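K.L.:
What follows is a protein structure lacking sequence information:
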């Protein structure tokens, strides 16, 4: 497509150069006036070549292909942005839960929140997997209640690995 536009610009520039030289070399009078008219028509024809030329459909097809590719890239960028947001939110939730657990003095080995995409267009925690052992029943219950109250993840979607019920 850039070759097509390059050729088009060269034809305009070449026509303008030839017209300019012819007008400059022609003496004043009726001949010069007619030459200016002819040169004007030549330049207009050179500028309208893409519309007149049979390659115009190819140009519109190329533009359509570029538009399609741009939409594809935009969609991919949006998907990447959403995935990055999900990852950031998961990391922040993990840090938040571990921080709250450490405040009680007993922290699990790891926390893995699972995110879900809402119909309103944002990520929210669907479930949480807590791995480790050694937390007292009271500390576990306290953390379980905190996750439910603060993050909206009910106890039935909190999966505790390595802990006895």
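P.N.:
Structure received. Computed from a predicted structure; not experimentally measured.
K.L.:
Now stretch 126-142: buried residues?
P.N.:
For stretch 126-142, a neighbour-count test (16 or more other CB atoms under 10 Å) marks 127-128, 130, 132, 135, 139-140, 142 as buried. Using the backbone N, CA and C atoms, a C-beta is placed for each residue, glycine as well.
K.L.:
ok, now stretch 100-110?
P.N.:
Within stretch 100-110, the residues scored as buried using 16+ other CB under 10 Å are 100-101, 106-108.
K.L.:
List of residues touching that stretch?
P.N.:
Here stretch 100-110 makes contact (CB atoms under 8 Å, 6 or more residues apart in numbering) with 94, 98, 111, 130-136, 139, 142-143, 146, 150, 162.
K.L.:
Residue 18 versus residue 33, what's the distance?
P.N.:
Between residue 33 and residue 18 the computed distance is 18 Å (CB to CB, to the nearest Å).
K.L.:
hmm, back to that, which of the contacts of stretch 100-110 fall in strands?
P.N.:
Per DSSP state E, strands hold the following members of these: 111, 130-131.
K.L.:
Including distance to residue 49, could those residues go into JSON lines?
P.N.:
Output for those, formatted as JSON lines (distance: CB to CB, whole Å):
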{"residue": "111", "distance to residue 49": "66"}
{"residue": "130", "distance to residue 49": "70"}
{"residue": "131", "distance to residue 49": "70"}
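K.L.:
Let me see the domain layout of the chain.
P.N.:
Annotated domains of the chain cover 2-77, 80-161 [automatic domain parsing].
K.L.:
pLDDT on the last one, on average?
P.N.:
Computed over domain 80-161, the mean pLDDT rounds to 88.
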